[in-house]
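Trainee: Sequence and predicted model, in that order:
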Amino acid sequence: MTIPALPLGKAADGTPIEMPLLGFGTWQLRGDAAYQAVRDALEAGYRHLDTATMYGNEAEVGRALRDSGVARDQVFLTTKLPPERAGKERATIEASVRALGVDAVDLWLIHWPPHRGRSVKVWREFLKARDEGLTRAVGVSNYGADEIDELAAETGERPAVNQIRFGPTLYDPAVVAAHRDRGVVLEGYSPFKTTNLHDPVLTSIASTHGVDPARVVLRWHIQHEFVVIPKSATPERIARNADLDGFVLTDEEMAAIDALGRQ
């Protein structure tokens, strides 16, 4: 599997950061199921894992990574701070890296905007954790453009990434432009839950390329340079979702999928 990556600048130690466009999501995966799914994902070639404090599976994700034999520096690792942990940022990231069994994560996100205008204060702590080497990059999740602008205005630093609910039916050129104009990577979660995989546009394109509609959706993300993190607990589906090398969507097919966002 050959998956391109997007540059996220440099870490505090000066090393470049690259984020693979395809990742493996672990929401709702717990215990042995989480462990096995991550092992299957790494076996299938994924080199980007997405977890969060609130998922309750960081220990299983970390153990799967260690047991896989894949070198730590070959895997991009994301975790997230739940908004109720505002004010406890340092303890939370230390607990995360301890549970994951790593020295640092590659990306730490504010999972949702904290209440009562606490975003800027939390963001300052994120920047501090990055500068101290606990995470290589920092970002947000479920933020609007105005909330991102507030962080930048108050601290002079924008998030590297904003992870949002996204897919073809949620495609909005204005949202895409808002991220790109700010130099913020758009990362989409729930690509299949937000999409009707039986839509004739998707099934027709899938038939043309001899693939399933899910892979058409993933390929659409990658060709647009949207990071995407599909999730599955089924080994066959995990492997199939990673099999994206054998086809490329035409400009016309990309435009037809884009148009699903206007229906």
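Mentor: Looks like it came in fine. Numbers count the residues shown, from 1 in each chain.
Trainee: got the contact list for residue 37?
Mentor: 24, 26, 29, 232-233, 238 (Cβ atoms under 8 Å, 6 or more residues apart in numbering). Where you see a C-beta, it was placed from the backbone N, CA and C, and this is true even at glycine.
Trainee: got those as TSV, with neighbour count, distance to residue 123 and secondary structure columns?
Mentor: As requested, these are exported to TSV (neighbours: other Cβ atoms under 10 Å; distance: Cβ to Cβ, whole Å; DSSP: H, G, I helix; E, B strand; the rest coil):
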residue	neighbour count	distance to residue 123	secondary structure
24	27	27	strand
26	27	25	coil
29	23	28	coil
232	19	33	coil
233	14	34	coil
238	24	34	helix
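Trainee: which stretches of the stretch 101-250 of the chain have low pLDDT?
Mentor: Of all residues in the stretch 101-250 of the chain, none has pLDDT under 70.
Trainee: As a check, name the ranges of all helices in the chain.
Mentor: 31-44, 58-68, 89-100, 119-131, 145-155, 173-181, 200-209, 213-224, 235-241, 251-258 (DSSP state H).
Trainee: Of these, flag the one that's most buried.
Mentor: Ranked by mean neighbour count under mean count of other Cβ atoms under 10 Å, the helices of the chain are led by helix 213-224, which reaches a mean of 22.
Trainee: what angle do that helix and helix 200-209 make?
Mentor: With axes from the mean of the first three to the mean of the last three Cα atoms, to 10 degrees applied, the angle from helix 213-224 to helix 200-209 works out at 90 degrees.
Trainee: Show me what helix 213-224 is in contact with.
Mentor: 3-4, 21-22, 167-168, 176, 188, 191-192, 195, 197-199, 202-203, 205-206, 209, 227-228, 230, 237, 240-241, 243-244, 247-249, 254, 257.
Trainee: residue contacts, residue 169?
Mentor: Contacts for residue 169 (Cβ under 8 Å, 6+ apart) come out as 194-196, 260-261, 263.
Trainee: For residue 147, see how far away residue 156 is.
Mentor: Distance, residue 156 to residue 147, using Cβ to Cβ, to the nearest Å: 16 Å.
Trainee: cool, residue 223 as well?
Mentor: Using Cβ to Cβ, we find residue 223 at a distance of 28 Å from residue 147.
Trainee: for residue 257, same thing?
Mentor: Counting by Cβ to Cβ, the gap from residue 257 to residue 147 is 28 Å.
Trainee: do residue 255 as well
Mentor: In this view, residue 255 and residue 147 are 30 Å apart by Cβ to Cβ.
Trainee: repeat for residue 160
Mentor: 15 Å.
Trainee: And residue 198, by the same measure?
Mentor: Applying Cβ to Cβ to residue 198 and residue 147 gives a distance of 35 Å.
Trainee: And residue 7, by the same measure?
Mentor: 24 Å.
Trainee: cool, residue 4 as well?
Mentor: Distance from residue 4 to residue 147, by Cβ to Cβ: 28 Å.
Trainee: go on, residue 178?
Mentor: For residue 178, the distance to residue 147 (Cβ to Cβ) stands at 11 Å.
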